[in-house]
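Chemist: 3D, please:
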Amino acid sequence: MQVDEPLIRETLRQVIDPEINCNIVDLGLIYDIVIHGSRVLVRMTLTTPGCPMHELIANGVQMALLNLEGVDEVEVELVWDPPWHPDMMTDVGRARVGMVPR
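Modeler: Numbers count the residues shown, from 1 in each chain. I've put the predicted structure just below:
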């Protein structure tokens, strides 16, 4: 199986921010995905720097991706620049949390 960015993003839709009850892709938390063979680096943020669920979400990213055939190593890098803003959400994410789609 060829691991590519669309597959990674679709897989990451399984990871839910439990405080918002929406997946991290549609929340706009994924900033970058880098694939080097069987190694995947995910650069992401959280809705707030003090998010108490950061370990749970980062572990969810690792577990979801390690379950993909062809992925042997996952690194999750939390970044805060640019800061997350609700405008980063997809229309699906906006609808999920009760916001009007753009």
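
Chemist: switch to C-alpha atoms for all contacts and neighbour counts from now on
Modeler: Noted.

Chemist: And the longest helix along the chain, what does it pack against?
Modeler: Ranked by residue count under DSSP state H, the longest helix found in the chain is helix 54-66. When contacts are defined as 3 or more C-alpha pairs under 8 Å, 6 or more residues apart in numbering; DSSP states H and E, helix 54-66 packs onto helix 5-12, strand 73-78.

Chemist: Touching it from outside, list them.
Modeler: The contact list for helix 54-66 (C-alpha atoms under 8 Å, 6 or more residues apart in numbering) reads 8, 11-12, 14-17, 46, 71-76.

Chemist: so for it, what's the average pLDDT?
Modeler: Computed over helix 54-66, the mean pLDDT rounds to 96.

Chemist: for it, which positions count as buried?
Modeler: His54, Ile57, Ala58, Gly60, Val61, Gln62, Ala64, Leu65, Leu66 (16 or more other C-alpha atoms under 10 Å).
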